[in-house]
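Novice: here is the input, now give the coordinates:
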Amino acid sequence: MGTKVTPYESSQANKKDQVRTMFDKIAPVYDLLNGVLSLNTDTRWRRKAISKLKDKNPKTMLDIATGTGDVAVEANKQLDLDSIIALDLSPNMIELAKKKMNKKGLEHIIFPEVGDSENLRFEDQSFDAVTVSFGVRNFGNLKQGLSEIYRVINPNGSLVVLEFSKPTIFPFKQIFNFYFKNILPFIGKLTSKDPAAYKYLYESVQVFPDYDDFAIILKEIGFKQVTWKPLTLGICTIYFAQK
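Specialist: All right, here's what the predicted structure looks like:
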């Protein structure tokens, strides 16, 4: 599954704790940076990811690595859901997500909470759908996290993963790698005051098992009908699977 990288190489903390610290630090500028660094393409990516669930008509949904809750908000727009649990490891992110839901009047349907994707508090078969956007590569143990997701999904329920991937088309691959490795961390440093976060972003994408490699892992966990679709020349990829 590739070499494990962590946000703070000099830290003795495990990857999960480092990821929590990193997102707590960048939480105040998280939404701003997502928009600026992706030229607002992230909004379209989330919209396309959630559209994969439209014909499944889920009623209960768990959004893992919710950040400030944008995927949950998009899901509420597109789907006729009864409830959405919006889960994140970072307390600071969840505080911002709660404020966002209150501001949008969605506190009755979207419920942000702090939680660990590798040790979910929910009973077996609790959700019709689970989504993870730009979060699976941050799992301390990828297979453990995916196994927990599989456990809490209802029979015939769905998983949608939106994750960064490595472009393969010349010369876009080379241009994007230069931007991702050099320009993006520089912008992130000026804005977030935590350059390690954006250095880690590049490195974590490089070692993540994307495309067919990730599809194989999903099948090993037990998921069926696994498909994937690259977006924006492979900058990120939507993975869809059924239990």
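Novice: quick check: which ranges of this protein have low pLDDT?
Specialist: Applying pLDDT under 70 to the chain flags residues 1-3, 10, 36-39, 188, 191-193, 195.
Novice: tell me where it has strands.
Specialist: Using DSSP state E, the strands of the chain run over 60-64, 83-88, 110-114, 127-133, 153-164, 224-231, 236-242.
Novice: then stretch 196-208 to CSV, C-alphas only?
Specialist: Extracted C-alpha coordinates of stretch 196-208, given in CSV (Å, rounded to 0.1, in the frame of the first residue of the first chain):
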residue,chain,number,x,y,z
ALA,A,196,4.1,20.9,6.9
ALA,A,197,0.4,20.5,6.0
TYR,A,198,0.9,21.2,2.3
LYS,A,199,4.2,19.3,2.1
TYR,A,200,2.3,16.4,3.5
LEU,A,201,-0.5,16.8,1.1
TYR,A,202,1.9,16.2,-1.9
GLU,A,203,3.7,13.4,-0.2
SER,A,204,0.6,11.6,0.9
VAL,A,205,-0.9,11.6,-2.6
GLN,A,206,2.3,10.2,-4.1
VAL,A,207,2.2,7.1,-1.9
PHE,A,208,-1.5,6.6,-1.9
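Novice: please point out which parts of that stretch sit buried.
Specialist: 196-206, 208 (16 or more other Cβ atoms under 10 Å). Where you see a C-beta, it was placed from the backbone N, CA and C, and this is true even at glycine.
Novice: next one: stretch 7-20
Specialist: 7-8, 15-20.
Novice: reformat those into TSV and put distance to residue 119 next to each item.
Specialist: Conversion of the buried residues of stretch 7-20 to TSV gives the following (distance: Cβ to Cβ, whole Å):
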residue	distance to residue 119
7	20
8	22
15	14
16	10
17	14
18	17
19	14
20	13
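Novice: and the two most separated of these?
Specialist: Farthest-apart pair in those is 8 and 16; separation 12.5 Å (Cβ to Cβ).
Novice: now the helices for this structure?
Specialist: Applying DSSP state H to the chain gives helices spanning 15-26, 30-38, 41-51, 70-78, 91-104, 142-152, 172-178, 184-192, 195-207, 212-221.
Novice: how close does residue 74 get to residue 212?
Specialist: According to Cβ to Cβ, to the nearest Å, residue 74 stands 27 Å off from residue 212.
Novice: looking at these two, which is more packed in?
Specialist: Counted by other Cβ atoms under 10 Å, residue 74 and residue 212 do not tie: residue 74 has more neighbours, with 21 against 10.
Novice: not counting sequence-adjacent ones, nearest residue to residue 215?
Specialist: Leaving aside its sequence neighbours, residue 215 sits nearest to residue 226 (Cβ to Cβ, 6 or more residues apart in numbering; 4.7 Å).
Novice: let me see the contact set for the one you found.
Specialist: Residue 226 is in contact with 215, 218-219, 239-241, counting by Cβ atoms under 8 Å, 6 or more residues apart in numbering.
Novice: what's near enough to touch residue 233?
Specialist: 167, 169, 172, 176.
Novice: quick one on the thing from earlier: could I get the strands of the chain as TSV with distance to residue 49?
Specialist: Output for these, formatted as TSV (distance: least, Cβ to Cβ, whole Å):
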stretch	distance to residue 49
strand 60-64	11
strand 83-88	14
strand 110-114	17
strand 127-133	7
strand 153-164	4
strand 224-231	9
strand 236-242	5
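Novice: out of the ones you listed, flag the one nearest residue 187.
Specialist: The nearest among these, by Cβ to Cβ, is strand 153-164 at 16.3 Å.
Novice: give the buried residues for stretch 91-106.
Specialist: Quick answer for stretch 91-106 (16+ other Cβ under 10 Å): 92-94, 96-98, 100-101, 106.
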